[in-house]
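*Asks:* missing the sequence, but the structure's below:
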Ligand SMILES: Nc1ncnc2c1ncn2[C@@H]1O[C@H](COP(=O)(O)OP(=O)(O)OP(=O)(O)O)[C@@H](O)[C@H]1O
């Protein structure tokens with residue numbers, strides 16, 4: 001799989017720019033109310049917010065699956081990856097077959113598809129499991145397949161909707177570290193939805209907090225810890241203090 005090899009642009013490059021974005025569903029449900037959010041190249045932004053505040057809706061607008069009812073939702077990334085809590089694998093296809101799917105839909109040739117899939121499978125640490133079927137994989141491995149499938153697109157912007165929410169704590173921590181490594185190596189910008197404040201702080205360069213529905217962004221935090229991130233950062237007082245501040249903002253926004 002190819003990596004982005006172009007030099008980092010000198011000017012700030014915004015891949016996602018939401019200004020005053022509203023979304024009201026046809027049944028009258030106001031999901032988002034005045035969302036202002038940017039994601040720049042090189043940023044990994046996590047969103048935390050109460051259940052039902054519109055986090056998934058925001059990602060769906062970012063991906064083009066949903067349209068905003070008001071405001072401006074500009075996404076300039078040309079290749080967008082998207083992973084969900086459910087790995088959404090085709091049960092009758094092997095790991096290789098599942099990872100090749102997006103390249104297949106983009107009508108890539110057989111050899112190109114195979115090369116892209118092999119590289120992506122290697123990136124997520126599943127080399128040797130190419131012929132396995134989804135039912136032969138653990139939850140963490142299925143999520144790796146899902147990540148690999150999106151990586152074949154070489155995404156500029158990667159959207160994550162609670163991808164590790166259903167996994168046990170150890171698997172989740174391991175995948176957090178894998179994701180940080182992929183972010184550093186592949187240089188996509190990330191927009192990551194999670195219910196875990198500590199996961200948000202650990203993974204991100206910036207954490208934004210949403211209010212209850214209709215969701216808007218009520219607080220933003222820059223994460224000052226350097227990348228690559230030492231897993232032990234999670235046990236420092238500075239990390240705990242930032243997690244506390246974000247949790248506090250989350251509680252305030254929920255009132
Ligand atoms: N197609 C739809 N029509 C009407 N209402 C919808 C539709 N999709 C979502 N909603 C509502 O919009 C609100 C926001 O939903 P969304 O799934 O974006 O929230 P969320 O923050 O991702 O929730 P959670 O954290 O529980 O996953 C919810 O009240 C939901 O019931």
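*Replies:* Sure, I can see it. Note that the structure is a prediction, hence the values are computed from the model and not measured.
*Asks:* How about the residues of the stretch 101-250 of the chain by the ligand?
*Replies:* Residues of the stretch 101-250 of the chain lying close to the ligand by C-beta under 6 Å from any ligand atom are residue 213. Where C-beta positions appear, they are placed from N, C-alpha and C, glycine not excepted.
*Asks:* Tell me how far the one residue sitting closest to the centre of the chain lies from the ligand.
*Replies:* The structure's the chain has its C-alpha centroid closest to residue 160; by C-alpha atoms, centre = their mean the separation is 2.5 Å. Distance of residue 160 to the ligand, given as C-beta to the nearest ligand atom, to the nearest Å: 12 Å.
*Asks:* ok, residues contacting the helix or strand containing that residue?
*Replies:* Using DSSP states H and E, the element containing residue 160 is strand 157-161. Strand 157-161 has contacts (C-beta atoms under 8 Å, 6 or more residues apart in numbering) with 15-16, 39, 55-56, 59, 62-63, 75, 77, 79-85, 150, 188-194.
*Asks:* Tell me the first helix or strand C-terminal of it.
*Replies:* By DSSP H and E, the next helix or strand past strand 157-161 is helix 169-186.
*Asks:* now that next one against strand 157-161, angle please.
*Replies:* Counting by axes from the mean of the first three to the mean of the last three C-alpha atoms, to 10 degrees, helix 169-186 lies at 170 degrees to strand 157-161.
*Asks:* what's the burial count for the residue in the stretch 101-250 of the chain that the ligand sits nearest to?
*Replies:* Going by C-beta to the nearest ligand atom, the ligand is nearest to residue 213 of the stretch 101-250 of the chain, at 5.3 Å. The number of residues packed near residue 213 is 18, by other C-beta atoms under 10 Å.
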